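Trainee: Pasting a predicted model and its sequence here:
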Amino acid sequence: MKHGTYHALADLCGPHLAQAMPDPLAPRPEVMPDSACAVYIAEDARGAVCYVGSVCRPDDGQGLANHIGEYLAELPMTDKWARVYALPLRGATPEPEVRRIGGDIAGWLLPYDRERWRQVS
């Protein structure tokens, strides 16, 4: 993803964005930022967006990392994830707002895995 694209998506987060992180992360929980609420974008090895997800766990400062770890452990569809872009949101962001932002970003990017995935754990 180009940095310009990332920053345009970050603008969709408005005042809820905790910090911009335009560089890709390996799809591993230990490299995810500490964030209770976030939207994340998974790309495959070709750079195509395969999934846009969100997490809101106000009582879990590592909600994003834990969520990603659960998906990686339990859902084979994550095997194609080559990199993840994170949009960490402020921990006080209401869950409906987190989901709205995730939907707006998915609407922009049109990931090829568009179905809502089941919740894990």
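Mentor: That came through, no problem. Numbering: from 1, shown residues only.

Trainee: For the strand or helix carrying Ala106, which helices and strands make contact with it?
Mentor: When secondary structure is defined using DSSP states H and E, the element that contains Ala106 is helix 95-109. Contacts defined by 3 or more CB pairs under 8 Å, 6 or more residues apart in numbering; DSSP states H and E place helix 95-109 against helix 3-12, strand 37-43, strand 49-56, strand 83-89. C-beta here means a position set from N, CA and C on the backbone, and glycine is covered the same way.

Trainee: Just tell me which of these ends up closest to Ala106.
Mentor: strand 49-56 (4.0 Å; CB to CB).

Trainee: Report the mean confidence score over the closest one.
Mentor: The pLDDT scores in strand 49-56 average 95.

Trainee: Parallel or antiparallel, list what pairs with it.
Mentor: As defined by DSSP bridges, the strand partners of strand 49-56 come to strand 37-43 (antiparallel).

Trainee: Helix 95-109 and the strand it pairs with, what's the angle between them?
Mentor: Angle of strand 37-43 versus helix 95-109, following axes from the mean of the first three to the mean of the last three CA atoms, to 10 degrees, is 20 degrees.

Trainee: can you list the residues that contact the helix or strand bottoming out on mean pLDDT in the chain?
Mentor: Sorted by mean pLDDT, DSSP states H and E, the helices and strands of the chain end with helix 63-74, the least confident at a mean of 91. Residues from elsewhere that reach helix 63-74, judged by CB atoms under 8 Å, 6 or more residues apart in numbering: 27-30, 32-38, 40, 53, 55-57, 60, 78, 81, 84, 86, 88, 117, 120-121.

Trainee: And the buried ones among the residues you listed, selectable in ChimeraX?
Mentor: The following ChimeraX command selects only the buried members of those, with burial defined by 16 or more other CB atoms under 10 Å:
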select :27,29,32,35,36,37,38,40,53,55,56,57,60,78,81,84,86,88
